[in-house]
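Undergrad: Quick one: sequence plus predicted model below, questions after.
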Amino acid sequence: MQKNITVLKGDGIGPEIVDQAIKVLGVIEEKFGHKFEYTEVDIGGCSIDKYGVPITDEGMAKCKAADSVLLGAVGGPKWDSCPPAIRPEKALLAVRSELGLFANLRPTKLFPQLSDSSPLKESIVGNGIDLMIVRELTGGIYFGKRRTEEINGEKVATDEMTYSEHEIERIGRVAFESARKRGKKVASVDKANVLDSSRLWRAVMHKLAEEYPDVEYSDILVDNTAMQLIKNPSQFDVIVTENMFGDILSDEASMLTGSIGMMPSASLSEGTLGMYEPIHGSAPDIAGMDIANPIGTIMSAAMMLRYSFGMAVEADAIEAAVNKALDDGYRTADIYDAAKCGTTKVGCSEMGDIIAKNIA
Ligand code: NAD
């Protein structure tokens, strides 16, 4: 297969981690006979420096024309004082909205080899954690009507949370289809005891669940979910929820895995076009030092193969290669524990080499 990938390396550690993902994809090309064509586009601070905007119209057109988009991270202290309209993150929101990326998938995996790195006790995470959060990304309170007005001599601010049946149904389908490829369980998170939007959410999910009798379905309130993620995270397979609840719960869940550098994500449209990125930021404190963990980005590339290109075997090969690197004791600084025997500290580029070699 031939696929066109638009590459947005971005700022800080973005270029060094994306280079490792491209290194790994190079081995996939050789081993499985594919051809990946890369088009680089500046995004974030580096684009502001060159063009005065966080992404140019031509850059956006190249994202839209691609088979998929691979992103590093954007931002850094240099651009913190930019006016809101041209801040680096503006480009991310623009790409998500222009590409219609309504579904955000965040696999939360604690590899058993790294259970020491989790803040939770061994008795809770000893067998690893493997759950998927499916977050609605283009609706809800972040996109609802908002206003601040003067009422009876004081300021009153309002943010509306709105969901329509079709928005709920399409994210629900993504969750049920994901569950079919995993542990066949969906937990739908809402606040149906209080919110109308959650009651509609629940009704649509129940109707959808009838179409997926092979998937075990449950409702769970968002406050209980926050507790259960800490108490017994391995009870979950796929969690599906609206935009703001998903924003908060996915950050909570990311902490269970030990290092933010391990976590990939995918943002999907109604077609096959998606954007794939690690969940962390540009880590300016370690940029250019060759010590960043590239695994979140490499696993994002694996998600790209699985979700946008339908290359499940190739994605499995990348995931197995990461697993082997960890089994063999290789650790970047963020997951390295000097007191643990049998482990070797490696840099960002060396971790990329090891994972690429494991595939070859
Ligand atoms: P961050 O995720 O960049 O860093 C938080 C901490 O985690 C830092 O100590 C960093 O060194 C560490 N870290 C992050 N990724 C790592 C990796 N791969 N390997 C090892 N350690 C890693 O968050 P921050 O410091 O709050 O933000 C820095 C910049 O990134 C800001 O400008 C912020 O706006 C931006 N940001 C961008 C995105 C994105 O591009 N999607 C997301 C979040 C933050």
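TA: Okay, I see it. Numbers count the residues shown, from 1 in each chain.
Undergrad: can you pull out the strands in the stretch 201-350 of the chain?
TA: For the stretch 201-350 of the chain, the strands defined by DSSP state E, counting those that start in this stretch cover 216-221, 238-241, 264-268, 274-278, 330-331, 344-345.
Undergrad: I'd like to know which of these is closest to residue 144.
TA: The closest approach between residue 144 and any of the strands of the stretch 201-350 of the chain, judged by Cβ to Cβ, belongs to strand 238-241 at 16.2 Å. The C-beta positions use only the backbone N, C-alpha and C, and glycine is treated the same way.
Undergrad: Next, format the strands of the stretch 201-350 of the chain as TSV and append mean neighbour count.
TA: Formatted as TSV, those follow (neighbours: other Cβ atoms under 10 Å):
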stretch	mean neighbour count
strand 216-221	16
strand 238-241	28
strand 264-268	24
strand 274-278	27
strand 330-331	22
strand 344-345	13
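Undergrad: Compare those and give me the one nearest the ligand.
TA: Ranking the strands of the stretch 201-350 of the chain by proximity to the ligand (Cβ to the nearest ligand atom) places strand 274-278 first, at 5.9 Å.
Undergrad: Rounded mean pLDDT for that closest one, please.
TA: Mean per-residue pLDDT for strand 274-278: 97.
Undergrad: what's next to it, contact-wise?
TA: Contact with strand 274-278 is made by 17, 63, 68-73, 95-96, 99, 101, 261, 263-268, 296-297, 299-301, 303-304, 307-308, as judged by Cβ atoms under 8 Å, 6 or more residues apart in numbering.
Undergrad: mind redoing it with 7 Å?
TA: Applying Cβ atoms under 7 Å, 6 or more residues apart in numbering, the contact partners of strand 274-278 are 17, 68-71, 73, 95, 99, 101, 263-268, 296-297, 300-301, 303-304, 307-308.
Undergrad: Which residue ranges of the chain form helices?
TA: Assigned helices in the chain, in chain order: 14-32, 45-51, 57-65, 88-98, 122-125, 165-180, 196-209, 222-231, 243-254, 295-307, 312-327, 348-359 (criterion: DSSP state H).
Undergrad: Give the buried residues for the fifth one.
TA: Translated: helix 122-125. 124, 125 (16 or more other Cβ atoms under 10 Å).
Undergrad: so how far is it from its chain's centroid?
TA: Mean-position distance between helix 122-125 and its chain equals 24 Å (Cα atoms, centre = their mean, to the nearest Å).
Undergrad: send the alpha carbons of it over as PDB?
TA: What follows is helix 122-125, C-alpha atoms only, in PDB (Å, rounded to 0.1, in the frame of the first residue of the first chain):
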ATOM      1  CA  GLU A 122       1.100  -3.300  43.200                       C
ATOM      2  CA  SER A 123      -2.000  -5.100  44.500                       C
ATOM      3  CA  ILE A 124      -4.100  -2.900  42.200                       C
ATOM      4  CA  VAL A 125      -2.000  -2.600  39.100                       C
END
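Undergrad: So which elements touch that helix?
TA: Judged by 3 or more Cβ pairs under 7 Å, 6 or more residues apart in numbering; DSSP states H and E, helix 122-125 is in contact with no other helix or strand.
Undergrad: what does that helix contact?
TA: 110, 115, 118, 256.
Undergrad: mean confidence for that helix?
TA: 87.
Undergrad: can you list the residues of the stretch 1-150 of the chain near the ligand?
TA: Listed as neighbours of the ligand in the stretch 1-150 of the chain under the rule Cβ under 6 Å from any ligand atom: 13, 17, 73, 74, 75, 76, 89, 92.
Undergrad: how close does the last one get to residue 265?
TA: To tie it back to what came earlier, the one meant is residue 92. 12 Å (Cβ to Cβ, to the nearest Å).
Undergrad: Residue 20 reaches residue 300, doesn't it?
TA: No - using Cβ atoms under 7 Å, residue 20 makes no contact with residue 300, being 11.0 Å away.
Undergrad: Pull the contacting residues for the spatially most central residue of the chain.
TA: Central residue of the chain (Cα atoms, centre = their mean): residue 265, 1.9 Å from the mean position. Residue 265 makes contact with 104, 105, 106, 277, 279, 300, according to Cβ under 7 Å, 6+ apart.
Undergrad: beta partners of it?
TA: Beta bridges link residue 265 to residue 277, judged by DSSP bridges.
Undergrad: Just put the helices of the chain in JSON lines and tack on distance to residue 5.
TA: Below are the helices of the chain laid out as JSON lines (distance: least, Cβ to Cβ, whole Å):
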{"stretch": "helix 14-32", "distance to residue 5": "8"}
{"stretch": "helix 45-51", "distance to residue 5": "18"}
{"stretch": "helix 57-65", "distance to residue 5": "10"}
{"stretch": "helix 88-98", "distance to residue 5": "14"}
{"stretch": "helix 122-125", "distance to residue 5": "34"}
{"stretch": "helix 165-180", "distance to residue 5": "22"}
{"stretch": "helix 196-209", "distance to residue 5": "32"}
{"stretch": "helix 222-231", "distance to residue 5": "33"}
{"stretch": "helix 243-254", "distance to residue 5": "25"}
{"stretch": "helix 295-307", "distance to residue 5": "8"}
{"stretch": "helix 312-327", "distance to residue 5": "14"}
{"stretch": "helix 348-359", "distance to residue 5": "17"}
